[in-house]
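>>> what would the 3D arrangement of this be:
(chains A, B and C)
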Amino acid sequence: MDVGFEADGTVTRAAVAVLRYPELDVLETAIAHRPTEFPYIPGLLSFRELPAVLEALEKLREPPDLLLCDGQGIAHPRRLGIASHLGLLVDIPSIGVAKTRLCGRHDAVANQRGAWTPLRANGEVIGAVLRTRPGVRSVYVSPGHRISLETAIAYVMGCCTRYRLPETTRRAHRLASGQMVVSLG
DNA sequence: GCGACAG
DNA sequence: ATCTTGTCGC
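Down below sits the predicted model:
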């Protein structure tokens, strides 16, 4: 799942891409548009993006077995990032994969694919800072709904091939950005 | 009170 | 997120 916006900023566009695991080939995609009626406020991203995301999900012929969201899971001040919120609403296991940190602290991460260090807040582990690829910034992985941190990390790594972000996120982002690519096979 | 702050 | 300049590598 990923979200994009119109040039005038009045419309939110949500895109979802369903990939088979672990092959990672695209099975289905969907896009939805909704008026943007909520501003971007750190900690309240769900209220801005979920309406369009839910609409896009409903367009799928079959519901996914796992959701990877562009944002935090429980690595959130109230432990309810967009991945957690979405997973809860549709009752599907979900994972948050954010490009930057919202909250929590952590040590440096080894520069090796798969290396990770705990993201902590208030004495509890709320996620992992994961190196999906050597030589690039790490990503912030956190459980969203009905999944453990270890399992979440395993799925995220399983979705990362030659780029920093999971193929699921990249596909959805491309759709939201209107960048189409034909694939023959 | 001050700094931090997903997309 | 969006915008913009400069650099590196295939």
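>>> can you tell me the element residue A:51 falls in?
Counting by DSSP states H and E, the element that carries residue A:51 is helix A:45-58.
>>> over to residue A:17?
Using DSSP H and E, residue A:17 sits within strand A:11-19.
>>> could you give the separation of that strand from the chain centroid?
The chain centroid and the centroid of strand A:11-19 are separated by 11 Å under Cα atoms, centre = their mean, to the nearest Å.
>>> what angle sits between the helix holding residue A:51 and strand A:11-19?
For helix A:45-58 against strand A:11-19, the angle by axes from the mean of the first three to the mean of the last three Cα atoms, to 10 degrees is 60 degrees.
>>> which elements pack onto helix A:45-58?
Where contact means 3 or more Cβ pairs under 8 Å, 6 or more residues apart in numbering; DSSP states H and E, helix A:45-58 is packed against strand A:2-5, strand A:11-19, strand A:26-35, helix A:82-90. Quick note: C-beta positions are derived from backbone N, CA and C, even for glycine.
>>> try 10 Å this time
Here helix A:45-58 is seen to pack against strand A:2-5, strand A:11-19, strand A:26-35, strand A:67-69, helix A:82-90, helix A:167-176 when contacts are counted using 3 or more Cβ pairs under 10 Å, 6 or more residues apart in numbering; DSSP states H and E.
>>> report the buried residues of stretch A:34-46.
Residues of stretch A:34-46 classed as buried: A:34, A:36, A:45-46 (neighbour count, 16 or more other Cβ atoms under 10 Å).
>>> actually stretch A:117-136, not the one I wrote
Under 16+ other Cβ under 10 Å, the buried positions of stretch A:117-136 are A:119, A:121, A:125-133.
>>> okay but residue A:126 is in contact with residue A:98, surely?
No. Judged on Cβ atoms under 10 Å, residue A:126 makes no contact with residue A:98 at a distance of 11.8 Å.
>>> identify the contacts common to those two.
A:72-73, A:75-76, A:81, A:140, A:142 (Cβ atoms under 10 Å, 6 or more residues apart in numbering).
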